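Novice: Here is a sequence together with a model predicted from it:
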Amino acid sequence: MASGTTAPPPPGNLKRIVAASLIGTTIEWYDFFLYGSAAALVFNKLFFPDSDPLVGTLLSFLTYAVGFAARPLGALVFGHYGDRLGRKKLLVLSLLLMGGATFAIGLLPTHATIGSAAPVLLTVLRLVQGFALGGEWGGAVLLVSEHGDARRRGFWASWPQTGAPAGQLLATGVLSLLTAVMSDSAFGTWGWRIPFLLSGVLVIVGLWVRLSVDESPVFKEALARAEARKVTHVADTEKLPLVSVLRHHWRDVLVAMGARMAENISYYVITAFILVYATTSAGVSKQTALNAVLIASAVHFAVIPAWGALSDRIGRRPVYLLGAVGVGLWMFPFFALIDTGDFGNLLLAVTVGLVLHGAMYAPQAAFFSEMFATRMRYSGASIGAQFASVAAGAPAPLIATALLADYDSSTPIALYVIAAAVLTVIAIGAAQETRHRDLADIGPSADAKPAAARAADAHTV
């Protein structure tokens, strides 16, 4: 079969691939978001007790940001071996690392028990979480994108993206349940450990599902073609996918990084920083804020596949632009609604914000997958996504909290998100539409080769 004519898998097999990616990403995002919620609610007291409340929150968010700092390293390592060995093996490893680190946090002694060693150990485990998640995202979305029907790639590839709100829903739901049935004292003493320890059970389920799926057929075809041809540029790609990405796809990496700015920053302001802002500035209880995020995350989960399907009809860029512009315009109403202290307004603020965020997040998986050639796709998509997270999602709650502490106003925070939206609009405006690209037809350095050479490659078995 010629490259580019790979038949779509049977519907049942594709659904199993989607389910495996969704369950795995849900578990990993549960682990990651659980830390963010705990950082906003209890870690400031348990691991940084000598600081005043807002400074303690800043320090706990700083350890939260450390996890993002490790994500580019995870993207480089997992991307390198994912492009050489395949997507499936690396996804199993990322799940084990993430789950193990999260379970260990649940066993970690606090500052009251071991002193300054407690925040140090917490930071190390957060680094492991970030490293694992840096490799998780690219592999999960590629496994679906490279299995799926090209005509509905945006829809199918958006399902692993729902792992983020599903993980947020699960993490927030567990925390909300525990804070509802436990006293603040009991939750702060030992109850916070329960959701971290539950990760061990979830990882066992995730591993069982992920081990049951097949490797990407597009990757297997590209690997077989490379071994058969023994062409120099293919061999170089096998050794160092990163070098090939930077040589042939550096513009795409920059576009992906710019596209992530509004998406990443707005998400962590809406879901993590809100737990600080609503409780300290708007006088809303922790339970009320958690409930709003919980309900809004359910809506977020539901709309992501719809946005993904729309990107199959009108393109990735229009849907992405709609989300970026929408999030920017929503920021001032977002904070104004929260300031009322009314639960209905709080829920409306978070829900609309996450629906608009979904317009960026849903097409992102297919969009980034379609930018890069097969033998460097794991590296390219992961690098573009995770390097941006260091400048975007990592400092977002930290910057927002610092702005609140300095100005005692939501206006600078809204302007911060709006600036990110402007950067994303510029990046998407500079990008090419990708929805008609055939993933199996993009060779190792297709962008750098003449049309005649690409045509010759397409007929090589």
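Specialist: Cool, got the structure.
Novice: Please count neighbours and contacts with C-alpha atoms only from this point.
Specialist: Noted.
Novice: What segments of the stretch 51-200 of the chain are helices?
Specialist: Taking DSSP state H, counting those that start in this stretch as the test, the helices found in the stretch 51-200 of the chain are 53-85, 87-107, 111-114, 117-147, 153-161, 163-181, 184-186, 193-197, 199-210.
Novice: which one of those helices lies closest to L329?
Specialist: helix 163-181 (22.1 Å; CA to CA).
Novice: Tell me what angle that closest one forms with helix 153-161.
Specialist: For helix 163-181 against helix 153-161, the angle by axes from the mean of the first three to the mean of the last three CA atoms, to 10 degrees is 30 degrees.
Novice: what about helix 163-181, distance to the chain center?
Specialist: Centroid separation for helix 163-181 versus its chain: 17 Å, with CA atoms, centre = their mean, to the nearest Å.
Novice: buried ones in that helix?
Specialist: Across helix 163-181, burial judged by 16 or more other CA atoms under 10 Å covers 163-176, 178-179.
Novice: hmm, back to that, okay, the helices of the stretch 51-200 of the chain in CSV with mean pLDDT next?
Specialist: Output for these, formatted as CSV (pLDDT from 0 to 100):
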stretch, mean pLDDT
helix 53-85, 76
helix 87-107, 85
helix 111-114, 86
helix 117-147, 83
helix 153-161, 91
helix 163-181, 85
helix 184-186, 84
helix 193-197, 90
helix 199-210, 80
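Novice: A427 against G258, yeah?
Specialist: Yes. A427 lies in contact with G258 (CA atoms under 8 Å); the separation is 5.1 Å.
Novice: Pick out whichever of the two has more residues nearby.
Specialist: G258 (25 against 20; other CA atoms under 10 Å).
Novice: Distance of the more buried one relative to V243?
Specialist: In this view, G258 and V243 are 21 Å apart by CA to CA, to the nearest Å.
Novice: cool, A112 as well?
Specialist: From A112 to V243 the distance is 47 Å (CA to CA).
Novice: distance between stretch 265-275 and the chain's centre?
Specialist: 14 Å.
Novice: what residues does it touch?
Specialist: Under the criterion CA atoms under 8 Å, 6 or more residues apart in numbering, residues 36-37, 40-41, 286, 289-290, 293, 327, 350, 353-354, 357, 392-393, 396-397, 400-401, 417, 420 lie in contact with stretch 265-275.
Novice: what's the burial count for S183?
Specialist: S183 - counted by other CA under 10 Å - has 12 other residues nearby.
Novice: Now it, what are its backbone angles?
Specialist: phi -70, psi 160 (degrees, to the nearest 10).
Novice: quick one, what contacts A20?
Specialist: G206, V209, R210, V213.
Novice: residues near the third one, how many?
Specialist: Here the count is done by other CA under 10 Å, and R210 has 22 residues near it.
Novice: which residues touch it?
Specialist: With CA under 8 Å, 6+ apart, R210 has these contacts: A20, S21, G24, K88, L91, V92.
Novice: Any chance of those residues in JSON lines with distance to F131 as columns?
Specialist: Compiled in JSON lines, the contacts of R210 are given as follows (distance: CA to CA, whole Å):
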{"residue": "A20", "distance to F131": "21"}
{"residue": "S21", "distance to F131": "18"}
{"residue": "G24", "distance to F131": "16"}
{"residue": "K88", "distance to F131": "17"}
{"residue": "L91", "distance to F131": "12"}
{"residue": "V92", "distance to F131": "14"}
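Novice: from the helices of the stretch 51-200 of the chain, which stretch is densest packed?
Specialist: Among the helices of the stretch 51-200 of the chain, the stretch with the highest mean neighbour count (mean count of other CA atoms under 10 Å) is helix 153-161, at a mean of 28.
Novice: picking up where we left off before, which residues are in contact with both of A427 and G258?
Specialist: Joint contacts of A427 and G258 (CA under 8 Å, 6+ apart) do not exist.
Novice: Now do F155 against G308, distance only.
Specialist: 4 Å.
Novice: hey, what's in contact with both of those two?
Specialist: Taking CA under 8 Å, 6+ apart as the contact rule, F155 and G308 both touch P363.
Novice: who does the helix or strand where K45 lies touch, helix- and strand-wise?
Specialist: Using DSSP states H and E, K45 sits in helix 44-47. Judged by 3 or more CA pairs under 8 Å, 6 or more residues apart in numbering; DSSP states H and E, helix 44-47 is in contact with helix 53-85, helix 111-114.
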